[in-house]
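Q: Sharing a sequence plus its predicted fold:
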Amino acid sequence: MPGFFSNAQKTVFKIDDYDYAEAVDITTGFKVREFIRNAGGVSYSPYVVKDGERPDTVAFKVYDDPTLDWTVLLANGIQNIYDEWPKDSETFKDYIIEKYGSLESAMATIKYYYNAEGLIINADDYATLPATGKRTESAYQYEVRLNINKSKIRLFTPTIAKSMSSLLRNIDKKPLK
């Protein structure tokens, strides 16, 4: 996320009697959240992430500015791209193999048993139900469902995303107190 912190204000802090270090002023994130809260009526647009799209490619496609990738993540509360952003098909396949040993193993492993109402039940109760009143979900189907759900995101309107970027640039120009 180079876009977010490239505009963030830096602060200098003392390490010891001789050394100082510079760090990003993390209060900038609070100022952005305050901006969103105070904007009132912040609207979002639904968006479905396509296979292989990253936050920067979505930002470029929607805002014509890949450095607004951080607004894509912020709008969805995403802090960990690896776990919270949808995986592309090749990465997803590798993830399944790493987690379950093979695609076949993931497809053969039952993750959940469901009754006719779609409620999760245990294996013993599942065994007592008639064939028409039950279904299973494999580990593979479960992971696919999670990945699909991650692809359903929301985006700030272009006006709000660009206003937040402008806010950060202005914060960066204010003197340290």
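A: In hand now; what should we look at? What you are looking at is a predicted structure, and each value in this text was computed from that prediction instead of being measured.

Q: Val62 and Leu155 touch, don't they?
A: Yes. Contact criterion CB atoms under 8 Å: Val62 and Leu155 qualify, at 5.7 Å. The way it works is simple: take the backbone N, C-alpha and C, and place the C-beta from them, glycine included.

Q: pLDDT below threshold where in the protein?
A: Applying pLDDT under 70 to the chain flags the ranges 1-14, 23-41, 168-177.

Q: how is it carved up into domains?
A: Using automatic domain parsing, the domains assigned to the chain come out as 2-86+151-173, 89-147.

Q: Mean neighbour count added to those domains, as JSON lines?
A: Shown next, in JSON lines, are those (neighbours: other CB atoms under 10 Å):
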{"stretch": "domain 2-86+151-173", "mean neighbour count": "15"}
{"stretch": "domain 89-147", "mean neighbour count": "13"}
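
Q: where does the residue most central in space within the chain land in three-state SS?
A: The chain has Ile78 as the residue nearest its centroid, 3.3 Å off, counting by CA atoms, centre = their mean. Under DSSP: H, G, I helix; E, B strand; the rest coil, Ile78 falls in the coil class.

Q: how about it, what does it touch?
A: Listed by CB atoms under 8 Å, 6 or more residues apart in numbering, the contact set of Ile78 reads 55, 72, 84-85.
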